[in-house]
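J.: Here is a sequence together with a model predicted from it:
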Amino acid sequence: MSVKPTLGADRSADRYENRLLILLFLAFGFVFFDRQALSFLAPYIDNDFGLTNSQLGILSGVLALTWAVAGMFAGSLSDRLGRRKPILVAAVLMFSLFSASSGLMTGFLGLL
């Protein structure tokens, strides 16, 4: 004879899942907007930093390559460890720190 979970436990689990879904939606939404910002802000960035079109292309290419390599590394690590949440939290924190530090840069090498 199986025991069904109580209705309160179901509601608690649903609230946790919904909060987690909202948190991940917001986190990945901000990450996506930040990742796409370089393309939209290029006309303003090249005036402020004196960047050429080639340098803007290099920045975009390095950003895409970094995303690809980091995704493969983080996915492989989380599969090996069998734990996804700590890897996801660390990745979002690291991205946030690097994103915030990009606002302090003054030239191409700093942005790169």
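T.: Good, I have the coordinates. Numbers count the residues shown, from 1 in each chain.

J.: ok, Ala37 - how many residues close by?
T.: Using other CB atoms under 10 Å, Ala37 has 13 neighbouring residues. (Glycine included, C-beta is placed from N, CA and C.)

J.: Model confidence score at it, please.
T.: In this model, Ala37 is scored at 80, pLDDT.

J.: Now the phi/psi pair for it, please.
T.: Phi and psi for Ala37, reported as degrees, to the nearest 10, are phi -60, psi -40.

J.: I'd like to know how far it sits from Gly110.
T.: 16 Å (CB to CB, to the nearest Å).

J.: helix or strand right after the least confident helix or strand in the chain by mean pLDDT?
T.: Every helix and strand in the chain was compared by mean pLDDT, DSSP states H and E; the lowest is helix 7-49, with a mean of 79. Next helix or strand after helix 7-49 toward the C-terminus (DSSP states H and E): helix 53-81.

J.: What residues sit buried inside whatever helix or strand comes next after that following helix?
T.: For helix 53-81, the following helix or strand on the C-terminal side (DSSP H and E) is helix 85-102. In terms of neighbour count (16 or more other CB atoms under 10 Å), helix 85-102 has its buried residues at 87, 91-92, 95.

J.: And for stretch 23-43?
T.: Residues of stretch 23-43 classed as buried by neighbour count (16+ other CB under 10 Å): 27, 31, 42.

J.: From the rest of the structure, what touches that stretch?
T.: Contact partners of stretch 23-43, identified using CB atoms under 8 Å, 6 or more residues apart in numbering, comprise 45, 56, 59-60, 63, 67, 92, 95, 99.

J.: biggest separation within those residues, which pair?
T.: Leu56 and Val92 (26.0 Å; CB to CB).

J.: Report the contact partners of the residue lying closest to Gly107 once chain neighbours are set aside.
T.: Nearest in space to Gly107, with sequence neighbours left out and distances taken as CB to CB, 6 or more residues apart in numbering, is Phe49 at 5.9 Å. Residues near Phe49 by CB under 8 Å, 6+ apart: 106-108, 111.
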